[in-house]
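[1] turn this into a model:
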Amino acid sequence: MNSAVAVGLLAICGAGVKAYLTIRLWKDPGRVTLHGGAMRIYPLSEEFRRGMVRASVATAAGLAFGGLLVLADGIWRQSHQGPAQGVMLDILRASLAGILLCGVVYLSIALFNVPKFLVPPHMRNEPGSIAARQKNRTSDRR
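    Below you'll find the predicted structure:
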């Protein structure tokens with residue numbers, strides 16, 4: 001087995017774990033602090049870290065598409081001829097498009113909290129990180 005295939009399978013398994021954690025986050029509002037606490041390793045504002053928690057669906061999907069991209073690339077490099085190469089090339093293109101789409105959705109949720117249907121139900125009425133940061137800045141000035 002080629003190392004790209006192994007890495008791709010590992011990323012897909014990681015996406016499954018992230019999806020499981022996301023489902024638990026949707027069901028239990030108390031898990032927000034657990035996820036947010038894990039995000040403290042990043043030197044980002046508290047508002048943006050909360051946006052990262054809200055965007056967990058996009059994170060799981062992006063990780064799955066990334067794993068599929070690496071997996072398909074490993075298979076594509078091994079199959080030099082035949083119909084499998086064309087199919088793998090199509091999967092590579094679709095995976096790349098999925099990663100880009102997930103990146104846009106991730107930033108949209110983290111910064112503006114839209115689209116609401118991809119945000120955990122108990123976090124849908126929160127402002128996006130940009131609006132929350134502006135609100136905090138204006139309240140600090142008073």
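
[2] contact partners for the residue positioned nearest the centre of the chain?
    Centroid-nearest residue in the chain, with C-alpha atoms, centre = their mean: residue 59, separated by 1.0 Å. When contacts are counted by C-beta atoms under 8 Å, 6 or more residues apart in numbering, residue 59 touches 18, 22, 52, 102, 106. The C-beta positions use only the backbone N, C-alpha and C, and glycine is treated the same way.

[3] residue 57 now?
    Going by C-beta under 8 Å, 6+ apart, the list of residues near residue 57 reads 22, 109, 118, 119.

[4] name the element the first one belongs to?
    This points to residue 22. helix 3-27 (DSSP states H and E).

[5] related to what we said a few turns ago, in helices, which of the contacts of residue 57 appear?
    22, 109 (DSSP state H).

[6] what two of the contacts of residue 57 have the greatest distance between them?
    The distance between the two most remote of these (C-beta to C-beta) is 12.2 Å, for 22 and 109.

[7] more neighbours: those two, which one.
    residue 109 (26 against 21; other C-beta atoms under 10 Å).

[8] that one against residue 50, yeah?
    No: Residue 109 is beyond contact range of residue 50, at 10.9 Å (criterion: C-beta atoms under 8 Å).
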